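Asks: quick one, fold the following:
(one chain, ligands or ions: 2)
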Amino acid sequence: MTDAATDLSLVHPLSIAIDGPSGSGKSSVSKAVARSLGLAYLDTGAMYRAATLWVMGRGIALDDQVAVARAVKDMPLVQVLDPVSPGVELDGIDVADAIRSADVTTNVSKVATNLDVRGELRARQRAIIDQERATGGFSAGRGIVAEGRDITTVVAPDADVRILLTASEEARLARRSLEVNGTANKEAVDSMRDQVVRRDRDDSTVTQFTVAADGVVTLDSSDLDFDQTVAAALRIVAKHAPARPVTP
Ligand SMILES: Nc1ncnc2c1ncn2[C@@H]1O[C@H](COP(=O)(O)OP(=O)(O)OP(=O)(O)O)[C@@H](O)[C@H]1O
Ligand SMILES: Nc1ccn([C@H]2C[C@H](O)[C@@H](COP(=O)(O)O)O2)c(=O)n1
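Replies: Ligands and ions are numbered 1, 2, ... in the order given. Presented below is the predicted three-dimensional model:
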């Protein structure tokens, strides 16, 4: 599971935070980095999606801020942190596919901009990250890659390595279109604008994920293919991770 060549000089536990806009490649690149380094993987976007599915399933109006926040506080969410096969369960039911539905994608920003929901989910995210920094979690103390919109800045500003993964709007739309429609012709790309551009606009009213905060390394993947982006991310980790003390 671990790429020994990359791993040799790394100190554990190692925490890596990756943020970026929709379609920049956060999930796929973070999973690959976690696999390569033998770390746990936390998809925080999946938590906001699960919250949206949970609230919609209870018939709660998404603009009823108080009722939404109350429901999310009691949400029985379990995440499987295995980067090879990440999982999301709500009340014991596998919802990995359901949270990617068009309905959830269209509505998730309404839940993600509820500040009380953010408070609840950030607390859960910090608890998971702390657990992976200790010995009892999925990674047995090796550490975690956590990705989202506010991980480098709010959830884990103390992470060992923090990366803002960006790509031009054009590249992000084309990637998402290829993934969803199997093509990146103009009509197909235009159909992705709501779930990429509009969603980022709404989400950015409560989080800042377009400009790197102090100490956060920007990785622009606009002109890189997937493997090149993963390799670049691993180089950033190798350069910025705490160094192993030199033994005399
Ligand atoms: N550098 C890259 N070059 C080409 N395609 C890429 C690159 N990085 C990721 N992709 C592809 O782009 C698509 C979107 O990537 P991914 O789902 O990881 O983005 P994301 O930032 O997590 O998006 P969202 O926040 O909307 O969930 C996927 O199909 C992925 O395989
Ligand atoms: N840390 C995070 C992670 C995600 N969100 C919001 C923004 C997105 O619209 C939604 C789903 O994320 P995705 O699965 O598309 O990455 O969740 C957030 O506000 N903060």
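
Asks: contacting residues for the residue in the chain that ligand 1 sits nearest to?
Replies: With CB to the nearest ligand atom as the measure, G25 is the residue of the chain nearest to ligand 1, at 2.8 Å. From N, CA and C alone the C-beta is placed, and that goes for glycine too. Contact analysis of G25 by CB atoms under 8 Å, 6 or more residues apart in numbering lists L165, A167, R175, S221, F226, T229.

Asks: cool, S222 as well?
Replies: T166, A167, S168, E170, A171.

Asks: filter these to the buried ones?
Replies: T166, A167, A171 (16 or more other CB atoms under 10 Å).

Asks: interface residues of the protein facing ligand 1?
Replies: Residues of the chain lying close to ligand 1 (CB under 6 Å from any ligand atom) are 20, 22-29, 45, 175-176, 179, 221, 224-226, 229.

Asks: ok, now with 5 Å
Replies: 22-28, 175, 179, 221, 224-226, 229 (CB under 5 Å from any ligand atom).

Asks: just the buried residues from those, in PyMOL please.
Replies: To isolate the buried members of these in PyMOL, using 16+ other CB under 10 Å:
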select buried, resi 22+23+24+25+26+27+175+221+224+229
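
Asks: quick check: the farthest pair among the residues of the chain next to ligand 1?
Replies: Comparing all pairs in those by CB to CB, the longest separation belongs to S22 and D225, at 19.0 Å.

Asks: which residues does the residue nearest the centre of the chain bridge with?
Replies: Nearest residue to the geometric centre of the chain (CA atoms, centre = their mean): E147, 2.7 Å. Following DSSP bridges, E147 is listed with bridge partners I18, D43.
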